[in-house]
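Undergrad: Turn this into a structure:
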Amino acid sequence: MLPLWASLFDQEPPLLDGWVDHARAWFGRTVGARETAAFPVIDIERRIVACAIGTLETGVPNPQSPGGRAARLSNVVTLPERRGRGFGSALVDVVIEWARSIGADRVDLSANPAGAAHLRTRRFPADLSPADEAPPGEQLTGAPWQVD
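TA: As a prediction, this is how the structure comes out:
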């Protein structure tokens, strides 16, 4: 999963930067913690071709998050040769269902401009920051999708 995730940052194996060791350790601590993270993948012929990450963020309860529990959807990525088959959409649905299952109040989106544009057509409101206002590689944080 790490090489696919690294492709979000235009890096290809071998991954030699210092962040890789930190990421590997983070994944090792977090992957089995179902109450705080979800890592759905699409596996074709024993190769991960798409993945997403959902993490639980806790904070002060407020009108948009009465329980103070928000899930963050990020790092939805599909190999270029496998795009256009609905894998990303299916992974988004899995993260939203996971958020429901752990009692999250909402799902917040972190995406690059291309991802934000795609997800804007799905469940996330149109008041996301316009994709053309963010420099390449900058994350956009969009309006939440309320978990019902």
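Undergrad: Going by C-alpha atoms from here, please, whenever you check contacts or count neighbours.
TA: Noted.
Undergrad: tell me the mean pLDDT for the top strand by length along the chain?
TA: In the chain, ranked by residue count with DSSP state E as the criterion, the top strand is strand 47-58. On average, the pLDDT along strand 47-58 is 92.
Undergrad: can you give me the strands for this protein?
TA: 37-38, 41-44, 47-58, 69-78, 106-111, 140-141, 145-146.
Undergrad: The third one versus strand 106-111: what angle between them?
TA: What it means is strand 47-58. Angle of strand 47-58 versus strand 106-111, following axes from the mean of the first three to the mean of the last three C-alpha atoms, to 10 degrees, is 130 degrees.
Undergrad: Give me the contact list for strand 47-58.
TA: Residues outside strand 47-58 that contact it (C-alpha atoms under 8 Å, 6 or more residues apart in numbering) are 1, 4-5, 35-43, 68-79, 82, 87-88, 91-92, 95, 99, 104.
Undergrad: Could you give me the buried positions within that strand?
TA: Neighbour-count burial for strand 47-58 flags 48-56 (criterion: 16 or more other C-alpha atoms under 10 Å).
Undergrad: can I get these in JSON lines with distance to residue 29?
TA: As requested, the buried residues of strand 47-58 are exported to JSON lines (distance: C-alpha to C-alpha, whole Å):
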{"residue": "48", "distance to residue 29": "20"}
{"residue": "49", "distance to residue 29": "23"}
{"residue": "50", "distance to residue 29": "21"}
{"residue": "51", "distance to residue 29": "18"}
{"residue": "52", "distance to residue 29": "17"}
{"residue": "53", "distance to residue 29": "14"}
{"residue": "54", "distance to residue 29": "15"}
{"residue": "55", "distance to residue 29": "13"}
{"residue": "56", "distance to residue 29": "14"}
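Undergrad: which one of those residues is nearest residue 64?
TA: residue 56 (15.2 Å; C-alpha to C-alpha).
Undergrad: which residues does the closest one bridge with?
TA: Judged by DSSP bridges, the bridge partners of residue 56 are residue 71.
Undergrad: helices and strands of the chain: which one has the lowest mean pLDDT?
TA: Sorting the helices and strands of the chain by mean pLDDT, DSSP states H and E puts strand 140-141 at the bottom, at a mean of 40.
Undergrad: Nice, that's everything, thank you.
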